[in-house]
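**Student:** next input, structure requested:
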Amino acid sequence: MPVKSPNDWDINLRPTSWDEYVGQEKVKNNLRISIDAAKKRGGTLEHVLFYGGSGLGKTSLAGIIAQEMGATLRTCAGPSMEKTGDLASLLTNLEEGDILFVDECHRIPKIVMESLYSALEDYTLHLILGRGPMARTMELRIPHFMLIGATTRLSLLPAPFRNRFGSIFQFSFYSQGEIEKILARSAQLLGAPIDPAAIRMIASRSRATPRIANRILKRVRDFALIQGNGTISPDTTERAFAFFEIDSWGLEQADRKLLEILMTTFKGGPAGIQALAAAMNEDQETVLDVLEPYLLQLGLVERTPKGRVATPLAYKHMGARAQDKMV
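**Tutor:** Down below sits the predicted model:
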């Protein structure tokens, strides 16, 4: 069997139909009704906005929508649209009925986002050519298209932008059973023999997130190939977790570092997000979007008006006493 590149594995692991897409049932049911109605009308879907944590399946669901609608999916990232000209180039190259997927749309520059308003509502793009007394406005007609926006930071999107979406859906974390189904399918696609008990072990440490579950599965698969007989057994999985420093709650080195700094440097808190990120030498967005959501979900960290606070459960999990923060 030929060895495939990591990119090939990523593509193979993405679900391509409703049946393969596990979880987010409320979102799927709503979208199915909208898609069926659009097909009967012979029209396009209204613009849709997805928000939720990274790795919860927003991009995969956009691909399924395009397939169900028989449309071409164009993708781009919010930061890539640096100026209005980039937006104009992108929109004028769309065909009638195309679907444009914009990931991290909260990072679209303000001036570009404001130019997008008329495109979403009237399918026209107003451009200003020149400067000063010689400036003039040009109106470009663009094909009817559907925008699927995805963001991890809904609060950063201005109200005029949010109001132009026909539907807004929140993506939630996955249950243990849903993650197990995803892992079983992924292991089959990867051709990796795996014990059901090992699937449960990996699922319990995957942060309730499919992308992380698949990432851990690949790492354990490689460990089993080199340090075992190729089969992902419970024993091999446990040894792999110890090697990769993934603890029983799915916390990795960066998560434990955040808790340790919060409990030692800041004596348990409260600590502001800027100070906490600076002490960790991390970007604020990494702390907010990657590390903090899971720690909040587990009840290891609390948000207060004054900042982040480590809970007694965090001290218990990290093997420290709650009263140590008073030292």
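**Student:** only C-alpha atoms for contact and neighbour calcs from this point on.
**Tutor:** Will do.
**Student:** quick check: closest non-adjacent residue to the residue nearest the centre of the chain.
**Tutor:** Compute the mean C-alpha point of the chain, and by C-alpha atoms, centre = their mean the closest residue is Ser54, 2.0 Å away. Nearest residue to Ser54 in three dimensions, chain neighbours excluded: Thr152, at 6.5 Å (C-alpha to C-alpha, 6 or more residues apart in numbering).
**Student:** burial count for the one you found?
**Tutor:** 22 (other C-alpha atoms under 10 Å).
**Student:** residues in contact with it?
**Tutor:** Contacts for Thr152 (C-alpha atoms under 8 Å, 6 or more residues apart in numbering) come out as Tyr51, Gly52, Gly53, Ser54, Glu104, Asp289.
**Student:** ditto for Lys58
**Tutor:** By C-alpha under 8 Å, 6+ apart, Lys58 lies in contact with Phe50, Tyr51, Ala150, Phe171.
**Student:** list the buried ones in stretch 62-75?
**Tutor:** Neighbour counts over stretch 62-75 (16 or more other C-alpha atoms under 10 Å) mark Ala62, Gly63, Ile64, Ile65, Ala66, Glu68, Met69, Ala71, Thr72, Leu73, Arg74, Thr75 as buried.
**Student:** ugh, typo on my part, it should be stretch 301-313
**Tutor:** Result for stretch 301-313 [16+ other C-alpha under 10 Å]: buried residues Val301, Glu302, Arg303, Arg308, Val309, Ala310, Thr311, Pro312, Leu313.
**Student:** of the residues you listed, closest to Arg41?
**Tutor:** Arg303 (46.6 Å; C-alpha to C-alpha).
**Student:** surely the closest one forms part of a helix?
**Tutor:** No - remark: Arg303 does not belong to a helix; assigned using DSSP: H, G, I helix; E, B strand; the rest coil, it is strand.
**Student:** might you report the residue contacts of it?
**Tutor:** Contacts of Arg303 by C-alpha under 8 Å, 6+ apart are Val309.
**Student:** can you classify Phe169 as helix, strand or coil?
**Tutor:** Going by three-state DSSP: Phe169 is strand.
**Student:** tell me what it is bridged to.
**Tutor:** Listed beta-bridge partners, Phe169: Phe50 (assigned using DSSP bridges).
**Student:** pretty sure it sits against Leu61.
**Tutor:** No - if you go by C-alpha atoms under 8 Å, Phe169 and Leu61 don't touch, sitting 11.6 Å apart.
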